[in-house]
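Enquirer: Generate coordinates for the sequence data below:
(2 chains)
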Amino acid sequence: MSRSIERILADTSICIVVGSGGVGKTTTSAAIAAGMAVRGHRVAVLTIDPAKRLADSLGLDDLDNAEVQVDPALFTATGADPGEGELWASMLDAKATFDELIERHAPDEESRDRILGNRIYGQISGALAGSQEYMAMEKLYEIHERGDYDLLILDTPPSRNALDFLDAPKRIVQFVDGRSLRMFIKPAGFAGRIASRGTSIVFSTLGRLTGVDLLRDLSEFFTAMSGLVDGFRERAERVQGLLSAEGTEFLIVCGPAGEPIEEAGYLREKLEDLDLPLGAVVVNRIHEGGEGASRAETTKALIGAGASKDLAGRIVTSFADRNALAERDEENIDRLSGEIGDAPLIRVPEQSDEVHDLAGLLGLGSHLFGEE
Amino acid sequence: MFVTGKGGVGKTTVAYALGLAAARSGKRAIVCEIASQERGASLFERAPIGDEETRIAKGLWALSVDPAKMVREYLHTHMPVRAMAELLHRSRLFTYLAAATPGLAEMVTMGKVWELTTNPRKSPGKSRAYDVVIIDAPATGHGVALLKTPRTFREIARAGPLANQAGRIEKTLIDHETTGVVIVARPEEMAVNESIGLEETLLDAPGGGFAVDRIYANGLFPDRLAGEEAKIRQLAEVTGDGPAGAALAAAMAEIARRGAQEAQLERLRAAVAAPVSELPYLFAPRIHRKQLDALAGEIE
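Expert: This is a model prediction of the structure:
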């Protein structure tokens, strides 16, 4: 199969980049976006927390919830000609996206204000497990609906589990729905009559643990949410649908060490279980060994070229360390390629310096886009 | 001691190395992995540790805490009647409520971890508190959220035994004598930025900042080739593509990498208040006890 990202993404309108923390997801997402833009596509990348130096060098220091275009002059400065291509970027603000969502679905101003002002809402909109993940998808859906771009790239938020992302819509709906809760929690319910003895035990016990204030706030929150639930659920279903829609591809990014490789294998299995399309696996930061002569021969050659015995020894040790890493990486990658079946595996060697500008991103692109 | 930092920087490895270092100095130490995939088990090449305090080395115990399961355990230890706890746990309503209460599971998790430091222990059959409790916390954002859980919970719950317990735990957490945060970083741009921001967030947390004891810059390449750059370049010209060519290219790459890391390390040192310690890059293909012991030696 072709190993060029351009070919992989040829019929793709949404590319979702997943992987565990610290493997270079954000940089890879940006490099694909930049590479697709110089190849004439209109691309937007939705990111979470780009490196400041990179964002600054792209003129994106004020990234916010709306997309900002990277100045085409920056492309021309690197000698690239994007033609019709454009690169846009946006940084997710989960809380603002949640607020917008509530505003959109609230039946009237009063219920909107009741929710936005609720203490429980204040907590969950910022911190509920999965809310950031869902908001990333929500934002993606919103931009997709507008249809301004050929390709949208989503750099998924760092989470404890890279897959929290995949069932975020389901979890958020379960949460805001709270139907079973609403049956029991009526604002007057605590003081007034309570449905059954079992329920009253549950409530009084929980109330004893958490205090009644908390239960009252919860009750108010779910009551206020009840007007929004249907709209919210319907929207979340469409958002979830986007994951498996025609034109959506997933990209797994990982590192070459043991744990990231295992994580990538696990992610791949999970995508398969959920019937979600895997476009490619990108292995970043691969250590490259060198075909070298034996230790003794290398030492001899070094000394012959004028190195001291001591320096030759240090160089040879450093080389051996590097080759050991390269060998480990190779073994891990072999194992992973055995697991991923038809999906192409794209190798990106370790860069001597971090990518911090457009030229660097396009340079990474030479590995991602291959030689055409 | 809370260990946090950017994803992928080696938090768990450093947490266990800290545990070994504490144990070597004669303390009883325990490492608690929170919502983890139990990396301690593979580091120590043993079966999964699970939610029982397990001795994994001389003076070192480990425990894996899954917040999702903690609420149930909490009920069992805090409800006078076991049957009632069971009834409550099985109630669908309760499950929903527990899930809907922001921070309940995390709060109970913090309670569990806090209990490890109490003397005498409240848990039946556990007689002694640990001298050092090391929490292998989730990455930056989630890690801070966990530290703030007691405060958050106290604010939203206001009253009740859990809110009271939250108040007590919060006091322990902001007491700089007893609790400190260790930030693990890598000498790389993104990880350095995140660590600088993380320290600021922790120190300036509204309602009382947390102590940041130390920042570990993990994965520093060796400086065994320091100062030899010109010589190596010269050697490369002499040997060309000969047998030593690849070794010399690798040597140049190592020097470049070390140089870039030093620049980031300097930037980190200049921007943070906490002392910064260096931890070496581990060339071993897999990290096991031997490498952990070496890291513990560096920490001492």
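Enquirer: tell me what the longest strand anywhere in chain B is packed against?
Expert: Scanning chain B for the longest strand, with DSSP state E as the assignment, gives strand B:212-220. Applying 3 or more C-beta pairs under 8 Å, 6 or more residues apart in numbering or on different chains; DSSP states H and E, one finds that strand B:212-220 makes contact with helix B:11-24, strand B:181-185, helix B:189-203, helix B:245-271, strand B:276-280. Where C-beta positions appear, they are placed from N, C-alpha and C, glycine not excepted.
Enquirer: tell me the contacts of the spatially closest residue to B:Ser25 that is not a sequence neighbour?
Expert: Across the structure, with C-beta to C-beta, 6 or more residues apart in numbering or on different chains as the measure, the residue nearest B:Ser25 apart from its sequence neighbours is B:Glu300 (7.3 Å). B:Glu300 sits next to B:Ala21, B:Arg24, B:Ser25 when contact means C-beta atoms under 8 Å, 6 or more residues apart in numbering or on different chains.
Enquirer: and the longest strand of chain B with helix B:189-203, angle?
Expert: Following axes from the mean of the first three to the mean of the last three C-alpha atoms, to 10 degrees, one obtains 170 degrees for the angle between strand B:212-220 and helix B:189-203.
Enquirer: Put the alpha carbons of strand B:212-220 into PDB.
Expert: Backbone C-alpha positions of strand B:212-220 (Å, rounded to 0.1, in the frame of the first residue of the first chain) are rendered in PDB as follows:
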ATOM      1  CA  VAL B 212       6.600  22.100  44.500                       C
ATOM      2  CA  ASP B 213       9.500  20.200  46.000                       C
ATOM      3  CA  ARG B 214      11.500  19.500  42.900                       C
ATOM      4  CA  ILE B 215      11.500  19.200  39.200                       C
ATOM      5  CA  TYR B 216      13.200  16.200  37.600                       C
ATOM      6  CA  ALA B 217      14.500  16.800  34.100                       C
ATOM      7  CA  ASN B 218      14.300  13.200  32.900                       C
ATOM      8  CA  GLY B 219      16.100  11.600  30.000                       C
ATOM      9  CA  LEU B 220      19.100  13.800  29.800                       C
END
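Enquirer: in it, what's buried?
Expert: Neighbour counts over strand B:212-220 (16 or more other C-beta atoms under 10 Å in any protein chain shown) mark B:Val212, B:Arg214, B:Ile215, B:Tyr216, B:Ala217, B:Asn218, B:Gly219, B:Leu220 as buried.
Enquirer: Just give me the closest of these to A:Asp11.
Expert: The shortest distance between A:Asp11 and any of the buried residues of strand B:212-220, using C-beta to C-beta, involves B:Gly219 and amounts to 39.9 Å.
Enquirer: Can you give me the neighbour number for the closest residue to the closest one other than its chain neighbours?
Expert: Computed as C-beta to C-beta, 6+ apart, the closest residue to B:Gly219 that is not its neighbour in sequence is B:Tyr281, at 4.6 Å. A count of nearby residues for B:Tyr281, using other C-beta atoms under 10 Å in any protein chain shown, gives 18.
Enquirer: which non-adjacent residue is nearest B:Lys231?
Expert: Once flanking residues are discounted, B:Lys231 sits nearest to A:Leu311: 6.8 Å by C-beta to C-beta, 6+ apart.
Enquirer: Surely that neighbour touches B:Gln234?
Expert: No. Under the criterion of C-beta atoms under 8 Å, A:Leu311 makes no contact with B:Gln234, lying 11.2 Å away.
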